[in-house]
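>>> the following comprises the amino acid sequence and a computationally predicted model.
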Amino acid sequence: MKPAVASAWKQLDAAAEGLRGRHLRDMFAADADRFARHSVVWHDWLLDYSKQRVDAHAMAQLYALWQAADLPGWIARMRGGEGINHTERRAALHIALRHPIGKGPIVHAGKDVMPAVHDELAKMRHFCGEIHGRHWRGATGEPITDIVNIGIGGSDLGPRMATQALAAHRHPEIRAHYVANLDAADLATVLAGLQARTTLFVIASKTFTTQETMQNAASARAWLVAALGEAAVARHFVAVSTNLGEVARFGIDPANAFAFWDWVGGRYSLWSVIGLPLALAIGFDNFEKLLAGAHAMDEHFFSAPPEANLPGLLALLEIWNTNFLGADNRALLPYSQSLGLLPRYLQQLEMESNGKRVDRQGQPLECAVAPVLWGEAGTNGQHAFYQLIHQGGRLIPCEFIACRRADFELPGHHEKLLANCFAQAEALMRGKTLAETTTELTAAGLPADEVARLAPYRSFPGNQPSTTLLLPRLDPFNLGALLALYEHKVFAESAIWDINPFDQWGVEYGKQLANRLLPILEGNAEATELDSSTRGLIAWIGANGMAG
Ligand code: F6P
């Protein structure tokens, strides 16, 4: 840890010590202005972090940590196209993907990347026009009605999540489907509802070597060829990749390939041509609004001081909870059905980015990083796991996300949804004391012995920290800003923890071992040098077979 960070860390330790034993309900009782003091407005968004276990002093120390970790310097390095993904010797320039034309260059390796970015966007726009205008036809002359994106991880989660999030903005004649899992059940169930004549496959892979994607693509190709013949491939397959050589080897016409660059990390690639299935699902104009929202958040992150910086505040609060209060997880609770896949998307963004064990110098970390992120759309989660958050005895910082306006309007729904969201945050904050429960049960007419028997079960410790983020509505612009908010939160955390958020060697290791085991499972190699468990599992399959 750098000396300046270590010294800020010490101050934060002392601030946390000072707050130990203080209950959130007492902090609210002691300060009528607590909400005003600990909430921030950005345009028509509201971030309320008054239910976090902080006070003005702790926040001031967190802002000092931001400066000590040189966040302004890290932001400048990212914007300047420096090789901040140092283990792969790459820049991380996803911000260029949403940088508007005419707003100046973004330079990488001495060259402005903006012309190439905008050429690919123009190509995407043209292709969307071809599909939506029914000019692009399948091999039998019929228009395309169904898009199947085949990809995994960053080549799947972003467009899949955003397609669901923007369901209210969907193009009326296009249905988008997503296949990621190597398990044939994924592809087979999607194909079962489709006609080859009207289906377009988008094969999305940054490397175009990922085993899951290549297997699904090969099976999809076989399905299409069986229905329409080999010549149909050109009208029913397009590719999205940085590896155009592999695209050609797979048999997709380079004219039907959309390119991006190694300075775009997989989990940061929604804004690139990886967003093609989303653009087809919601229309290119809406895709551009998504980019505009992300760019607006970029500008905010680059310029706002930490006390008004939304990604910065989320990062600092997570560091507070993780490193000073000892939380090892965070629940992401969107009160929006459309944001139902957001926890899954953020699991990759946050845990693949910051799930690291050594710092940028290769030294073991001295502090915990990247809490486990989990969650589910409210109110469904309330009827599943909230019980544990209320009474399970664990520290679980919660992040509520809600929209002022519903994206699908039916009378009577939205008020109830918001009431539930705010009620959960309130209940988790204040809890219910034994005395309150006793009074309540007595007032309900229960006999004294019954009150005494039940009161411990019906009391709640509270003091569970939460943040509530209120968006005006879920539309392409606000979704773009929301996703960029989390990208920058992750980046700010990584700068403070001094880790590289842009590599993922753990994932690569898993891929390497799977490739080593495959020939053994296929019976083409010997199971030498395997541990007895792995050898035993493979032997069991060998003895009992994979069929039937
Ligand atoms: O899951 C690991 C990973 O390397 C991700 O970072 C990436 O998004 C995903 O695999 C898919 O990789 P590709 O786009 O190259 O197929």
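That came in fine, so what should we check first?
>>> and the strands in the chain, which stretches?
Under the criterion DSSP state E, strands of the chain are mapped to 39-42, 45-48, 107-108, 111-112, 146-150, 175-179, 199-204, 237-241, 257-259, 329-334, 372-375, 398-403, 466-471.
>>> ok, and what's touching the first one?
What it means is strand 39-42. 46-50, 300, 304, 307-308, 310, 313 (CB atoms under 8 Å, 6 or more residues apart in numbering). Heads up, the C-betas are built off the backbone N, CA and C, glycines and all.
>>> among those, which one has the most neighbours?
Within these, neighbour counts (other CB atoms under 10 Å) peak at residue 313, which reaches 26 neighbours.
>>> residue 244: how many residues sit nearby?
Neighbours of residue 244 (other CB under 10 Å): 15.
>>> that one - nearest residue in space that isn't next to it in sequence?
Spatially, and ignoring its direct neighbours in sequence, residue 244 is nearest to residue 257 (5.6 Å; CB to CB, 6 or more residues apart in numbering).
>>> with residue 196 instead?
For residue 196, the closest residue by CB to CB, 6+ apart turns out to be residue 227, at 3.7 Å.
>>> and the one you found, how many neighbours?
Other residues close to residue 227 by other CB under 10 Å number 16.
>>> report all helices and strands that the longest helix along the chain contacts.
In the chain, assigned by DSSP state H, the helix with the most residues is helix 476-497. Packing partners of helix 476-497 (3 or more CB pairs under 8 Å, 6 or more residues apart in numbering; DSSP states H and E): helix 56-68, helix 71-79, helix 157-165, helix 284-303, helix 310-319, helix 353-354.
>>> hmm, back to that, nearest to residue 180, of the contacts of strand 39-42?
residue 310 (30.1 Å; CB to CB).
>>> per-residue confidence for that closest one?
Residue 310 carries a pLDDT score of 98 in this model.
>>> measure it to residue 331 for me?
Residue 310 sits 19 Å away from residue 331, taking CB to CB, to the nearest Å as the criterion.
>>> the longest helix of the chain: which residues count as buried?
Across helix 476-497, burial judged by 16 or more other CB atoms under 10 Å covers 476-497.
>>> before we move on, what about stretch 72-80?
Buried-residue list, stretch 72-80, by 16+ other CB under 10 Å: 74-75, 77-79.
>>> closest to residue 541 among the residues you listed?
For the buried residues of stretch 72-80, the nearest to residue 541 is residue 78 (46.4 Å; CB to CB).
>>> I'd say the closest one and residue 494 touch.
No. Contact criterion CB atoms under 8 Å: residue 78 and residue 494 do not qualify, at 10.5 Å.
>>> how many neighbours does the closest residue to residue 58 other than its chain neighbours have?
Excluding the flanking residues, the one nearest residue 58 by CB to CB, 6+ apart is residue 15, at 4.3 Å. Here the number of neighbours of residue 15 (other CB under 10 Å) works out to 19.
>>> repeat for residue 103
10.
>>> for the one 3 residues further on, same thing?
The burial metric for residue 106, expressed as a neighbour count using other CB under 10 Å, is 20.
>>> can you check residue 317 too?
Neighbour tally, residue 317, other CB under 10 Å: 25.
>>> that one touches residue 52, doesn't it?
Yes. Residue 317 is within contact range of residue 52, at 5.4 Å (criterion: CB under 8 Å).
>>> for the one residue in the stretch 201-350 of the chain that gets nearest to the ligand, give me its contacts.
For the stretch 201-350 of the chain and the ligand, the shortest gap (CB to the nearest ligand atom) falls at residue 266, measuring 2.5 Å. Residue 266 makes contacts with 153-155, 206, as judged by CB under 8 Å, 6+ apart.
>>> now the stretch 1-150 of the chain against the ligand: closest residue?
Taking CB to the nearest ligand atom, the stretch 1-150 of the chain has residue 150 as its residue nearest the ligand, at 9.7 Å.
>>> is that residue in a bridge, and if so with what?
Beta-bridge pairing for residue 150 (DSSP bridges): residue 179, residue 203.
>>> ok, it to residue 258 distance?
Applying CB to CB to residue 150 and residue 258 gives a distance of 14 Å.
>>> same check, this time on residue 174
For residue 174, the distance to residue 258 - CB to CB - is 17 Å.
>>> neighbours of the residue nearest to residue 430 when sequence neighbours are not counted, just the number please.
Computed as CB to CB, 6+ apart, the closest residue to residue 430 that is not its neighbour in sequence is residue 25, at 4.5 Å. Counted with other CB under 10 Å, residues neighbouring residue 25 total 16.
>>> hmm, residue 427 and residue 25 touching each other?
No. Counting by CB under 8 Å, residue 25 stays clear of residue 427, with 11.0 Å between them.
>>> that older thread, more crowded one of residue 150 and residue 258?
residue 150 (31 against 22).
>>> contacts only, for that one.
So residue 150 contacts 179-180, 187, 201-204, 213, 216-217, 220 (CB under 8 Å, 6+ apart).
>>> also residue 140?
With contact set as CB under 8 Å, 6+ apart, residue 140 has these partners: 197, 228.
>>> any idea how far it is from residue 198?
Taken as CB to CB, the span from residue 140 to residue 198 is 9 Å.
>>> likewise residue 187?
Taken as CB to CB, the span from residue 187 to residue 198 is 17 Å.
>>> number of nearby residues for the closest residue in space to residue 498 that isn't next to it in sequence?
Once flanking residues are discounted, residue 498 sits nearest to residue 359: 4.4 Å by CB to CB, 6+ apart. For residue 359, the count of nearby residues is 18 (other CB under 10 Å).
>>> so residue 359 touches residue 496, yeah?
No. If you go by CB under 8 Å, residue 359 and residue 496 don't touch, sitting 11.2 Å apart.
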